[in-house]
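A.B. asks: Let me see the structure of the following:
(one chain, ligands or ions: 1)
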Amino acid sequence: MSGTATTGGGSVTITLDGSNKSASLPMVHGTIGPSVFDIRKLYDQLGVFTYDPGYGGTAACDSKITYIDGDAGVLLHRGYPIEQLAEKSTFLEVAHLLLNGDLPNAKQKHEFEMGVMRHTMLHEQLRRFYDGFRRDAHPMAVMCGVVGALSAFYHDALDINDPEVRRISAFRLIAKMPTIAAWAYKYAIGQPFIYPRNDLGYAENFLYMMNAVPAEPYHVNPVLARAMDRIFILHADHEQNASTSTVRLAGSTGANPFACIAAGIASLWGPAHGGANEAVLKMLAEIGHVDNIPAFLAAVKDKNSHIRLMGFGHRVYKNYDPRAKIMQQSCHEVLQELGIKDDPLLDLAVELEKIALHDEYFVSRKLYPNVDFYSGIILKAMGFPTSMFTVLFAVARTVGWISQWKEMIEDPSQRIGRPRQVYTGPTQRDYVPLDQRR
Ligand code: CMC
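C.D. replies: Below is the predicted model:
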């Protein structure tokens, strides 16, 4: 079931203390989830704004794409639970769902997959961009640069008001991200770039470009391809998180989609967001042994240490992140397939989780494992270096970013994003000549 936000039911009246002025603000209701009240006329009516650093209490748009119930640990894409999508669907099917609103029928599925896979190659000139980076550049830096540069290659596709341009840009971005990512890796390790193979599945082709060398044949392990595809599904979208909001904000100015996605990649990079998967592995390596967990958790709880338990906590989930549960299960499957009987990092992570979930500090703050807690262990077992973890997140999240960008552009009520502020700087004063300054 779907619908539009409605203003048909109720209002909130706000009265300013010490004045007889009040404003009646309409309630807005979604199909599920808490209602909101519309503050757009608040300034006109009362001459005040709202204050919400971090936007924890503010809905910035209406969206039909993803729904999260953070208290219940529920994640739905276009109404479908993430557990069902992870088990039964494929990443490209989920991409169709997010972009177009529904699961494709057989003909649509075929056309969509063909549409994406036909765009996997990069313009040959783009190869040269890689040479401009140091070999030890972080691959996320390479991603920001190369994805941003795509806008210089598609002059034919910068009219965002043309639906066909939006469609083709989405295909190009989803298709080229694995190639850009795999080449960032190949460049770092000094191996030749491997060109995409469109006869392979999306995740399979990515693993092929990552691991193959021109000198010998390479066959992708189907169990690992399926695991990769599932990891992509789990990262595909997550409503109005920091990077998606960045894409929407950049897009609200009319910027082209390649530039907007480059902005999203930059935002994803931080350790509080997509960079957490890399940070989790660094943290586990630093802890080193289960015996060191109590001392580490004591440091986390010490407010002066600024150490956080990475892969734990979430702005919206105050319960187990449903993606983390699936990731944990996948982790065991992948390790089994790879014949890894005992992985000290996994043992450490399981023990750390067990202890943290019973610790008053984490319990009282409702801090649970998030998607990043186990993903790094799987990715490491699959042979990815830690610096590539956030890159993989970016490859998958491109689908969510471009879906949200498209939804925003197609929303007739869309206007430039422009938050206000509470100014706390100096009041007006006169310029002081240099010889009179102290
Ligand atoms: N370790 C220790 N304490 C924590 C943690 C943590 N991971 N997360 C939150 N807290 C504490 C925080 O210190 C605060 O305590 P107090 O009330 O005593 O001041 C309380 O919990 C609330 O935290 P907050 O910083 O107000 O929460 P937030 O919603 O602003 O932050 C978060 C959410 C995800 C940035 C944060 O939980 C965090 O830094 N987690 C570790 C990084 C991480 O795993 N990020 C991945 C998120 S999921 C994937 C993604 O979005 O990319």
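A.B. asks: what sits against the closest residue to the ligand within the stretch 1-150 of the chain?
C.D. replies: Proximity of the stretch 1-150 of the chain to the ligand (CB to the nearest ligand atom) peaks at residue 54, 6.1 Å away. In this view, the C-beta of every residue, glycine as well, is placed from N, C-alpha and C. Residues in contact with residue 54, defined by CB atoms under 8 Å, 6 or more residues apart in numbering, are residue 315.
A.B. asks: Show me what from the stretch 151-300 of the chain comes close to the ligand.
C.D. replies: 241, 272, 273, 274, 276, 300 (CB under 6 Å from any ligand atom).
A.B. asks: ok, residue 41 - contacts?
C.D. replies: Per CB under 8 Å, 6+ apart, neighbours of residue 41: 23, 25.
A.B. asks: ok, back up a step: the residue of the stretch 1-150 of the chain closest to the ligand and residue 147, how far apart?
C.D. replies: Residue 54 is 27 Å from residue 147, where distance means CB to CB, to the nearest Å.
A.B. asks: residue ranges for the strands of the chain, please.
C.D. replies: 11-15, 22-28, 36-37, 66-69, 74-77, 80-81 (DSSP state E).
A.B. asks: Nearest to residue 132 among those would be which one?
C.D. replies: strand 66-69 (36.0 Å; CB to CB).
A.B. asks: tell me the mean pLDDT for that closest one?
C.D. replies: Average pLDDT, strand 66-69: 97.
A.B. asks: Who does it pair with, and is each partner parallel or antiparallel?
C.D. replies: Partner strands for strand 66-69, per DSSP bridges, with pairing direction: strand 74-77 (antiparallel).
A.B. asks: can you list contacts of the partner strand?
C.D. replies: 65-68, 81-82, 85, 94, 97-98, 236-238, 322-323.
A.B. asks: hmm, that strand touching the ligand?
C.D. replies: No - on the criterion CB under 6 Å from any ligand atom, strand 74-77 is out of touch with the ligand, staying 11.7 Å away.
A.B. asks: With stretch 315-328 instead?
C.D. replies: Yes - part of stretch 315-328 sits near the ligand under the criterion CB under 6 Å from any ligand atom, namely residue 315.
A.B. asks: and stretch 363-372, how far apart are its ends?
C.D. replies: End-to-end distance for stretch 363-372, by CA to CA, to the nearest Å: 19 Å.
A.B. asks: related to what we said a few turns ago, out of the residues of the stretch 151-300 of the chain next to the ligand, which sit inside helices?
C.D. replies: 276, 300 (DSSP state H).
A.B. asks: Can you say which of the residues of the stretch 151-300 of the chain next to the ligand are buried?
C.D. replies: Neighbour counting by 16 or more other CB atoms under 10 Å classes 241, 273, 274, 276, 300 among these as buried.
A.B. asks: Export those residues to CSV and append columns for pLDDT and distance to residue 254.
C.D. replies: Below are those laid out as CSV (pLDDT from 0 to 100; distance: CB to CB, whole Å):
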residue, pLDDT, distance to residue 254
241, 97, 23
273, 93, 25
274, 92, 26
276, 91, 32
300, 96, 43
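A.B. asks: and the residues you listed, which two are the farthest apart?
C.D. replies: So, those by CB to CB: farthest apart are 241 and 300, at 23.0 Å.
A.B. asks: I'd like to know how far the residue of the stretch 201-350 of the chain found nearest the ligand sits from residue 346.
C.D. replies: Proximity of the stretch 201-350 of the chain to the ligand (CB to the nearest ligand atom) peaks at residue 313, 2.3 Å away. Per CB to CB, residue 313 is found 21 Å from residue 346.
A.B. asks: ok, now which ones touch residue 39?
C.D. replies: 25, 50.
A.B. asks: Check it and give its pLDDT.
C.D. replies: With respect to pLDDT, residue 39 has a value of 95.
A.B. asks: same question, the one 3 residues further on
C.D. replies: In the prediction, the pLDDT value recorded for residue 42 is 94.
A.B. asks: Can you tell me how far it is from residue 172?
C.D. replies: 41 Å.
A.B. asks: higher neighbour count, the two?
C.D. replies: Neighbours were counted for residue 42 and for residue 172 using other CB atoms under 10 Å; residue 172 has more, 22 against 16.
A.B. asks: hmm, back to that, just the contacts of strand 74-77: which are in helices?
C.D. replies: Of the positions in these, 82, 85, 94, 97, 98, 322, 323 sit in helices, assigned by DSSP H.
A.B. asks: Contact residues of the stretch 301-438 of the chain facing the ligand?
C.D. replies: 308-315, 365, 367, 370-372.
A.B. asks: From the residues you listed, which land in helices?
C.D. replies: residue 372.
A.B. asks: Between the residues of the stretch 301-438 of the chain next to the ligand, which sits nearest residue 267?
C.D. replies: Nearest to residue 267 among these, with distances taken as CB to CB, is residue 315, at 14.1 Å.
A.B. asks: which stretches of the protein aren't confidently modelled?
C.D. replies: 1-8 (pLDDT under 70).
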